[in-house]
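Asker: Model the structure of this input:
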Amino acid sequence: MFLGKEIRLNRLTNKKSGKFVAITVDHAIARGVLPGLVNIQETVRKIVEGEPDAITMQKGIAEKVFKPYAGRIPLLLKSTSFSPYHMNYDVPTADVEEAVRFGADAISVGVIVGGPEQKEQMAHLAKISKDAASYGMPLICHIYPRGSEIKDPRDPDAVAYAVRMAAELGVDIVKTNWNGSAAAFAKAVQACPAKVVLAGGSPGKSLESYLEMTREAMEIGVFGVTYGRFVFEDPNPPAVINAIKAIVHDGRSIKEAFDVYESFKG
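Answerer: Predicted structure coming up:
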């Protein structure tokens, strides 16, 4: 491994736990300007206040919003996006050279698996993997089995296939959705020699359910979590982030993590 890549991966890894908590605000192109993303300056300020291990965003938002926090928290540059008009295809939006120019500690690529669009996205991921390796840039992949040929996106075999494909193409950290239970998700973790992190999205219905999902995921050996919507849509994002960190970095119980959340609410 190149020294530059080792340095960047070490910056992403929490020194206390050896794990990873990242927060994403890359949703606007994909899902619209959601609650919590309208005033993106204020949302990023609150997320940084919570001190996650990294934050993911598209290049335009990074350029306009992230400068006050440069060097305080690692930046993960998102370099693709799907949209409400092409849900199964992540279109390239940035490249590795731009990630280097922005001072990012990793470049992040989205891939939707399981449909005719997969082949182009897979080819793009392979190219970014080559470029990232040349620059010593860690590569993260947000990969989800939800293409038109996928009957059940929670199927353990489909999730295992998705994360393994990312690992086969040289990805360092693979992000995918929880598929219902620790036993089901464990198959994906076991099938993937890269570091697996848990996405947030829609599986949880409440803060408690997300904390429970996080606790179960940590118990089966995930590297960490990369959450977005339920964090920035909460009235108190720093409280949510610290509750998550209580589980991931401190090994706290769900009740203890919820108590952390309540204590931040004041």
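
Asker: Quick one: distance of stretch 112-132 to the chain centre.
Answerer: 17 Å (C-alpha atoms, centre = their mean, to the nearest Å).

Asker: What is the neighbour count of V65?
Answerer: For V65, the neighbour count with other C-beta atoms under 10 Å is 17. No exception for glycine: its C-beta is placed from N, CA and C like everyone else's.

Asker: I'd say it and V44 touch.
Answerer: Yes: between V65 and V44 there is a contact under C-beta atoms under 8 Å: 5.1 Å.

Asker: list the residues that contact both of those two?
Answerer: Common contacts of V65 and V44, defined by C-beta atoms under 8 Å, 6 or more residues apart in numbering, comprise M57.

Asker: What pLDDT does the model give T56?
Answerer: At T56, the model reports a pLDDT of 98.

Asker: Isn't it up against F20?
Answerer: No: T56 lies out of contact with F20 (C-beta under 8 Å); the separation is 11.8 Å.

Asker: and for these two, which residues touch both?
Answerer: Joint contacts of T56 and F20 (C-beta under 8 Å, 6+ apart) are T226.

Asker: between the two, which one's more packed in?
Answerer: T56 (25 against 22).

Asker: could you point out which element follows the host helix or strand of that one?
Answerer: If you go by DSSP states H and E, T56 is part of strand 54-57. Downstream of strand 54-57, the next assigned helix or strand under DSSP H and E is helix 59-65.

Asker: Report the buried residues of that following helix.
Answerer: Buried positions in helix 59-65, judged by neighbour count with 16 or more other C-beta atoms under 10 Å: K59, I61, A62, V65.

Asker: just the strands in the stretch 101-250 of the chain please.
Answerer: Counting by DSSP state E, counting those that start in this stretch, the stretch 101-250 of the chain has strands at residues 106-113, 139-145, 173-176, 195-199, 224-227.

Asker: Now do the second one: which elements does it pack against?
Answerer: Which is strand 139-145. strand 106-113, helix 118-135, helix 156-168, strand 173-176 (3 or more C-beta pairs under 8 Å, 6 or more residues apart in numbering; DSSP states H and E).

Asker: of those, which approaches T13 most closely?
Answerer: Checking the helices and strands packed on strand 139-145 against T13 by C-beta to C-beta gives strand 173-176 as the closest, at 10.1 Å.

Asker: for that closest one, packing partners?
Answerer: strand 139-145, helix 156-168, strand 195-199.

Asker: Include mean pLDDT and mean neighbour count when you put the ones you listed into TSV, please.
Answerer: TSV is the format used below for those (pLDDT from 0 to 100; neighbours: other C-beta atoms under 10 Å):
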stretch	mean pLDDT	mean neighbour count
strand 139-145	98	28
helix 156-168	98	21
strand 195-199	97	23
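
Asker: so can I have JSON lines of these showing distance to Q121?
Answerer: Rendered in JSON lines, the data for those read as follows (distance: least, C-beta to C-beta, whole Å):
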{"stretch": "strand 139-145", "distance to Q121": "9"}
{"stretch": "helix 156-168", "distance to Q121": "10"}
{"stretch": "strand 195-199", "distance to Q121": "17"}
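
Asker: Parallel or antiparallel, list what pairs with the strand holding T56.
Answerer: When sheet partners are counted by DSSP bridges, strand 54-57 sits next to strand 20-24 (parallel), strand 75-78 (parallel).

Asker: who's in contact with that strand?
Answerer: In contact with strand 54-57 (C-beta under 8 Å, 6+ apart) are residues 12, 20-26, 44, 47-48, 65-66, 73-78, 105-106, 108, 140, 226, 228.

Asker: Repeat that for stretch 112-130.
Answerer: Under C-beta under 8 Å, 6+ apart, the answer for stretch 112-130 is 79-80, 82, 87-90, 92, 95-96, 107, 109-111, 139, 141, 143-150, 153, 158, 161-162, 165-166, 169-171.

Asker: Can you tell me the centre-most residue of this structure?
Answerer: T226 (3.4 Å; C-alpha atoms, centre = their mean).
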